[in-house]
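J.: Quick one, what's the 3D model for this:
(one chain, ligands or ions: 1)
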Amino acid sequence: MEGSDDISASSPSSSSSPQSAVVLSPCAACKILRRRCIEKCVLAPYFPPHDPLKFSTAHRVFGASNIIKFLQ
Ligand SMILES: [Zn+2]
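T.: Numbers count the residues shown, from 1 in each chain. Next up is the predicted model:
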């Protein structure tokens with residue numbers, strides 16, 4: 001078996017199903033801030049749950065309220 005590309009990792013836009021971001025766990029920001037991560041959470045796109053370090057760094061530098069202010 002050779003020459004077959006791994007297509008599982010590279011399909012950014014699927015044609016059949018509409019893009020519905022089903023996030024079971026809160027984003028990193030909400031997790032750290034203990035906020036309720038709503039469906040239209042402004043922080044979620046920037047601070048995904050798998051990257052909590054990114055938010056904690058930004059949180060330390062800017063402060064939570066400033067980050068939220070930036071993104072709104
Ligand atoms: Zn969130």
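
J.: how close does L33 sit to the ion?
T.: Plainly put, L33 is 8 Å away from the ion if you go by C-beta to the ion, to the nearest Å. Where you see a C-beta, it was placed from the backbone N, CA and C, and this is true even at glycine.

J.: my guess is that residue meets S65, correct?
T.: No - the criterion here is C-beta atoms under 8 Å, and L33 misses it with S65 at 9.7 Å.

J.: So which of those two has more stuff around it?
T.: Neighbours were counted for L33 and for S65 using other C-beta atoms under 10 Å; L33 has more, 18 against 9.

J.: Ramachandran angles for that one?
T.: Backbone torsions for L33, taken as degrees, to the nearest 10, come to phi -80, psi -10.

J.: How about it: what's its closest non-neighbour residue?
T.: Among residues not flanking L33 along the chain, A64 sits closest, at 5.5 Å (C-beta to C-beta, 6 or more residues apart in numbering).

J.: What of C27?
T.: A44 (3.9 Å).

J.: Number of residues surrounding that neighbour?
T.: 20.

J.: try the one 4 residues further on
T.: Here the count is done by other C-beta under 10 Å, and P48 has 16 residues near it.

J.: cool, A28 as well?
T.: Around A28 there are 24 other residues, counting by other C-beta under 10 Å.

J.: could you list every residue that touches it?
T.: Shown in contact with A28 (C-beta atoms under 8 Å, 6 or more residues apart in numbering): 43, 47-52, 54-56.

J.: now swap in Q72 and tell me
T.: V42.
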